[in-house]
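Novice: Need a 3D model of the sequence below.
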Amino acid sequence: MIQFTHIMPKPKVAHISTTYLKESETFIYSFVNNHKSFDPFVVTEEYINKKIFPAKVFEVSNTNPQGKVLNLIYRELFFRKKGIEKNYLEILNKEKPAVLVCHFGPTGLFSLPLARSLNVPLITSFYGYDLSYERLVEVVGKTGGRHSLPVIPSKGYWERALRYLFRNGDLFLAPTEGSAQRLIEMGAPREKVRVLNLGVDLNFLKKFRKVSSKKSSKIVTVASLERGRGLEYALEAISTLLKSFHNLEYHIYGRGSQEQALHNKVEELGLGKKVSFITENPASAFLNNVSDYQVFLNPVEIGNLGSMEGWINYSMMQTMSLGVVPVATHVVGAELIAPGETGYFINQKDPGDIVEKIRLLYENKKMLDVMSKNAEERISLYFNAAKQTEKLEKVFDDAIASLL
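Specialist: Model (predicted):
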């Protein structure tokens, strides 16, 4: 007698990202692209960079003018995007996901009605700007959009909105211990907060690995050109290092409000051609050149938690996976750097310490080579996307079981 084995379909997970996908958000693709136990799909309001980040994607149709007005009113009064919810639900009701995972805090907030309608758990991943009320206003607006109702006070909107999310969401993910503590301080219940490190998609990065002669000592930083990134101290350190290492070059990938001030600093220090700013499509340009570098410098500082954004630098993780040695402040390197083995910590706002640590590397090329191998191995063992996505799927299982 012939026996037939019935193979149960995998449960589905809906990744909700307002825009899918910016080149600077490769870490989201690393999760979407590495599921094993769940069948992933993406729901987004804007699908961009399709060739770089292929996936099963459903693009929510833009709402009409009436719906946009409805969004504005409900967003400010009830923390909802009422005018577009039905468009999301048309897709979600058809696909029947077992869990929703929302990328960034505001997306989780506006997805609460979707999870309620589907009766599935809502998991919200926080990454950086959404852990700062100041940055939330700068990035997504005072009330989550370009326009606000003049009759409704907008001050304190994000404090109220995130408290509402924390009360009603199921689980909240943070990429580091420090950012998890920040979530708790903002009001998230401790029992709802989990740490899930970002994972580097090693297969995705293979195409960017190339043999480089590295005849010049090249240092790289990838960061938004905003206050608090410590770049002025990095430039001072480079000025000092050039007196000993004449072939040294420093490349900064990013853009932001402090670009002109940093150019002025370069001119003031007489760094000339030794420092380059790559501001056009910096994320993709960086990946195309990632194998050219020996050291990744991240001098980010933290003045107060309210203005903090960079809890972890994913670009630094990517470079480590290719053997680039990190030199960074503890703010972004706590989980990644084993001092003297995979990189070095530096003090905040301390050009002299940057000089000391980079000098240690360039004066002992054998040690630099060993640390390069160690950095690559650390990412492969502990921070690769396959392992982190496996941990994410365990979070899904726990969240689903809690609703049964």
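Novice: Could you pull out the strands in the stretch 151-300 of the chain for me?
Specialist: Ranges of strands in the stretch 151-300 of the chain, per DSSP state E, counting those that start in this stretch, are 171-174, 193-195, 218-222, 249-253, 275-278, 295-298.
Novice: among the ones you listed, which is nearest Tyr344?
Specialist: The closest of the strands of the stretch 151-300 of the chain to Tyr344 is strand 295-298. By C-beta to C-beta, the value is 9.5 Å. Any C-beta I mention is one placed from the backbone N, CA and C, and that applies to glycine too.
Novice: For the helix or strand just after that closest one, give the mean pLDDT please.
Specialist: For strand 295-298, the succeeding helix or strand toward the C-terminus, using DSSP states H and E, is helix 314-321. The average pLDDT within helix 314-321 is 92.
Novice: what's the answer for stretch 98-110, then?
Specialist: Averaged over stretch 98-110, pLDDT sits at 97.
Novice: Can I get it in PDB, CA atoms only?
Specialist: Provided in PDB are the C-alpha atoms of stretch 98-110 (Å, rounded to 0.1, in the frame of the first residue of the first chain):
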ATOM      1  CA  ALA A  98       0.700  33.700  12.600                       C
ATOM      2  CA  VAL A  99       2.600  36.700  13.800                       C
ATOM      3  CA  LEU A 100       3.400  40.300  12.800                       C
ATOM      4  CA  VAL A 101       6.900  41.700  13.300                       C
ATOM      5  CA  CYS A 102       7.100  45.400  12.800                       C
ATOM      6  CA  HIS A 103      10.300  47.200  12.100                       C
ATOM      7  CA  PHE A 104      10.800  50.400  14.100                       C
ATOM      8  CA  GLY A 105       8.500  51.700  16.900                       C
ATOM      9  CA  PRO A 106       6.100  53.900  14.900                       C
ATOM     10  CA  THR A 107       5.300  50.900  12.600                       C
ATOM     11  CA  GLY A 108       4.500  48.800  15.600                       C
ATOM     12  CA  LEU A 109       2.300  51.600  17.000                       C
ATOM     13  CA  PHE A 110       0.200  51.900  13.800                       C
END
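Novice: Just give me how far it sits from the chain centre.
Specialist: On the basis of C-alpha atoms, centre = their mean, to the nearest Å, stretch 98-110 sits 15 Å off its chain's mean C-alpha point.
Novice: List the buried residues in that stretch.
Specialist: Going by neighbour count (16 or more other C-beta atoms under 10 Å), the buried part of stretch 98-110 is 98-110.
Novice: ok, back up a step: could you export the strands of the stretch 151-300 of the chain to CSV, including columns for mean neighbour count, mean pLDDT and distance to Leu336?
Specialist: Converted to CSV, those look like this (neighbours: other C-beta atoms under 10 Å; pLDDT from 0 to 100; distance: least, C-beta to C-beta, whole Å):
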stretch, mean neighbour count, mean pLDDT, distance to Leu336
strand 171-174, 24, 97, 15
strand 193-195, 18, 97, 14
strand 218-222, 25, 95, 14
strand 249-253, 22, 96, 19
strand 275-278, 18, 97, 23
strand 295-298, 26, 96, 10
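Novice: Would you reformat those as CSV and include distance to Ile379?
Specialist: CSV is the format used below for those (distance: least, C-beta to C-beta, whole Å):
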stretch, distance to Ile379
strand 171-174, 19
strand 193-195, 17
strand 218-222, 16
strand 249-253, 19
strand 275-278, 23
strand 295-298, 12
